[in-house]
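Student: my questions are about this predicted structure, shown below with the sequence.
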2 protein chains.
Amino acid sequence: MDIATRVYNHKWKIDPIVRSLIDTDFYKLLMCQSVFRNKPDTQVTFSLINRSDKVPLARLIDEGELREQLDHIRSLSLSRGESTWLRGNTFYGKRQMFRPDFMEWFEGLRLPPYHLERRGDQYELTFEGAWHEVMLWEIPALAVLMELRSRAVLNDMGRFELQVLYARAMTKVWEKIERLRHVKGLSIADFGTRRRHSFLWQDWCVQAMMEGLGRSFTGTSNCLIAMRREVEAIGTNAHELPMVYSALAQDDAALAQAPYEVLSDWHEEHEGNLRIILPDTYGSKGFLDHAPDWLAGWTGIRVDSGDPATAAETAIRWWQDRGEDPRSKRVIFSDGLDVDKIAELHRQFSDRVTVSFGWGTLLTNDFRGLVPGDGLAPFSLVCKAVSANGRPTVKLSDNPEKAMGPAEEIARYKRVFGVGTQQSIEVIV
Amino acid sequence: MDIATRVYNHKWKIDPIVRSLIDTDFYKLLMCQSVFRNKPDTQVTFSLINRSDKVPLARLIDEGELREQLDHIRSLSLSRGESTWLRGNTFYGKRQMFRPDFMEWFEGLRLPPYHLERRGDQYELTFEGAWHEVMLWEIPALAVLMELRSRAVLNDMGRFELQVLYARAMTKVWEKIERLRHVKGLSIADFGTRRRHSFLWQDWCVQAMMEGLGRSFTGTSNCLIAMRREVEAIGTNAHELPMVYSALAQDDAALAQAPYEVLSDWHEEHEGNLRIILPDTYGSKGFLDHAPDWLAGWTGIRVDSGDPATAAETAIRWWQDRGEDPRSKRVIFSDGLDVDKIAELHRQFSDRVTVSFGWGTLLTNDFRGLVPGDGLAPFSLVCKAVSANGRPTVKLSDNPEKAMGPAEEIARYKRVFGVGTQQSIEVIV
């Protein structure tokens, strides 16, 4: 390393984890633009939720360091090159995906304040403000917590011990890639930003996928990595849209329509591969049963909870019932995937629909079994909209382990959306 | 990487494998000094011998590249820092191990010419000239051939495929180190220069041993790495001394004495831990039976062929017969070692003698099973003195697979040294 680089590195007071506002998932920016246009006045609260309370984040991560990282993120603004890329790049075959008014706003954005408090062995971390600003905290907040936890565990290791740890992790990822090479016609993207081991590690995984899988690797959800590695930025929309729209509904009738209102707004803005239904927020079955006909014309469905094969079968039947040819439709699997499941689902569905995979935590953070006590195993940390304009949000999901919201509201949503008994599936990541 | 470094690297016409005259085994320099004093007029021929004729070196390695590497070695001379280190460093607790007259000669040395010719799928590579000059070709010649062969195999691999290959190799070495950590009182050194996968790889292995084994790692035979990593340079003497001394013997009576004459010269020059007997050149049993009493006072024995436990038992009995306490003696095992054997020998002998290990090829070149067709597996390449002053050299060894020399001379040596039937043991590395 040359002297200048070394001195430059020493100038950092901290080693920042998130160094760019576009070190985030692409769908966040798409949703942000949609919210910026359709719900600019909505006030929300996002909150960190550690579903794995056996991981004592506040004991592992120093509060001062956490504040420094979060403060650093608040100092970030869109760089000229990042702005040029967002304005000039082709996303999903379309130029000028981001409108000039949105870009102008985004160029001036700094992330709003955060609220951090230690509660026992966990941190309470919340963000309040305009929806389109607060929502951009989700991914960097998660990435910072995940990486600070990695650093805490790595801190006591020797230089060669560390090198061998990464050697083992690389071998693990590469062996997965080698197995996926044998899956003919595979189409898979990296969705692992939020719960990655670290930024550099995600970047390594993406490059390994590029070399190892060639055209079967379709891109990454991470905008910064997509820009730097010149691959596609991948993503459409997420649960936060129906959750906030639903929280804003004035009565049960409006609530029942809210998830469709979201997609109606989306329908106006996007076409083709960006028209992907995420049906599970309040139960996939009821959502599809009551869906308006125009939704059946959308390009595909993303399966993000419950048993994935069951969900895909439900979608296929639904398309058939609505007179659509499933073979022209896309099913994107994105929940807790690893190679076995990917190969199995591909085998099961690839000749009936167009299958693709969004591979997350077990791509970018599979450090299971690599240190004593499994201190680097990934865990289920989320950062969600918990209220909108003062009203609580609710998620039911197809897996009750992923549900959230106050009990009485959950009961109300279940009634409104006709959700009965659900099957519980352990959430690993 | 900074621009200057990149440009500098581009200035090399080749990527030199051996970049220093002290990128060689320490015992070579000790023996060189001894020969420089005691046998300065001896003319020898050293020759490359590939014991693994299934590895078609001439098909794998381009002759032009091999010549470039060998020519580069001929352009090397001792640097000021290297000379300072040899003159100023403490070796085996002794200052000024290398005499001023030797150092002055060494500072002016360039290696003598080589003779290279392709013979079928193998190379004939020989070196002729003064013994103390030619002998310094052995290690760099072997290291160049080993590394060119590695490069040939690695040439078609992608960047991440390569990274994962090294990740796997690192994991393999580290797992060995982790196992050796549990061997209490272990004392082990790196002897892997000549058949290393590459220079950088050996350097990595040494550093991993330093971190992983702490004080159980006693040093490396490689002088350049010992200097750079500030660890002990390890080594004493080798078969070439008795082989050349014996070839010079005028008759059978002189021949019978030659191996002891070697050690008599050595005795005058060295003390303590450098007084290590290498008894197997013409059969350990006969050597010890006929050894003069003063040899029993030496510090230890190096076991380099045959069944190591048998050899150690023979040595222990010999010391007892000569009234020496084996517990004050050192046994150095250095033949074809890997972790299982190391742990087993340590368990067997560590409470009866002082045990230490010189770990070679399976430390610095265990790439077995890491590429298809096992193209990176180590193989048994040697570079030996084949004649001295026009007379052929002979080695019998405790393992007839390692014997060398013309058949009639082998018969004569067997008769002179009283060597009967020997047990054959497969030579892996």
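Tutor: Thanks, I have the structure now.
Student: check which element follows the helix or strand bottoming out on mean pLDDT in chain A along the chain.
Tutor: When the helices and strands of chain A are scored by mean pLDDT, DSSP states H and E, helix A:3-11 comes last with a mean of 63. Helices and strands here follow DSSP states H and E; after helix A:3-11, the next one along the chain is helix A:26-38.
Student: list the buried ones in stretch A:205-215?
Tutor: Neighbour counts using 16 or more other Cβ atoms under 10 Å in any protein chain shown place A:205-213 of stretch A:205-215 among the buried residues. The C-beta positions use only the backbone N, C-alpha and C, and glycine is treated the same way.
Student: what is the nearest of those to A:Asp23?
Tutor: Distance to A:Asp23, by Cβ to Cβ, is smallest for A:Val206 among the buried residues of stretch A:205-215, at 12.6 Å.
Student: any idea which element that closest one lies in?
Tutor: helix A:199-213.
Student: neighbours around A:Phe217, how many?
Tutor: 24 (other Cβ atoms under 10 Å in any protein chain shown).
Student: check the buried residues of stretch A:205-215 against chain B, which are close?
Tutor: Within the set of the buried residues of stretch A:205-215, contact with chain B (Cβ under 8 Å from any Cβ of the partner chain) is found for A:207-208, A:211-212.
Student: in CSV, list those along with distance to B:Leu180 and pLDDT.
Tutor: Compiled in CSV, those are given as follows (distance: Cβ to Cβ, whole Å; pLDDT from 0 to 100):
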residue, distance to B:Leu180, pLDDT
A:Gln207, 34, 96
A:Ala208, 31, 96
A:Glu211, 34, 95
A:Gly212, 33, 96
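Student: average pLDDT for stretch A:215-224?
Tutor: The average pLDDT for stretch A:215-224 rounds to 98.
Student: quick one: end-to-end length of it, please.
Tutor: End-to-end distance of stretch A:215-224 (Cα to Cα, to the nearest Å): 20 Å.
Student: cool, stretch A:283-301 as well?
Tutor: Per Cα to Cα, the first residue of stretch A:283-301 is 13 Å away from its last.
Student: chain center to it, what's the gap?
Tutor: 22 Å (Cα atoms, centre = their mean, to the nearest Å).
Student: next, count neighbours for the closest residue to A:Val394 other than its chain neighbours.
Tutor: Take A:Val394 and drop its neighbours on the chain: the residue closest to it by Cβ to Cβ, 6 or more residues apart in numbering or on different chains is A:Gly405, 3.4 Å away. Per other Cβ under 10 Å, the neighbour tally for A:Gly405 reads 21.
Student: check A:Leu200 too.
Tutor: 11.
Student: give the buried residues for stretch A:419-428.
Tutor: A:419, A:422, A:425, A:427.
Student: spit out the contact partners of A:Arg87.
Tutor: A:96, A:98, A:100, A:103 (Cβ atoms under 8 Å, 6 or more residues apart in numbering or on different chains).
Student: of the residues you listed, keep whichever come out buried.
Tutor: A:98, A:103.
Student: near chain B too, which of the buried residues of stretch A:419-428?
Tutor: Near chain B, judged by Cβ under 8 Å from any Cβ, there are no entries from the buried residues of stretch A:419-428.
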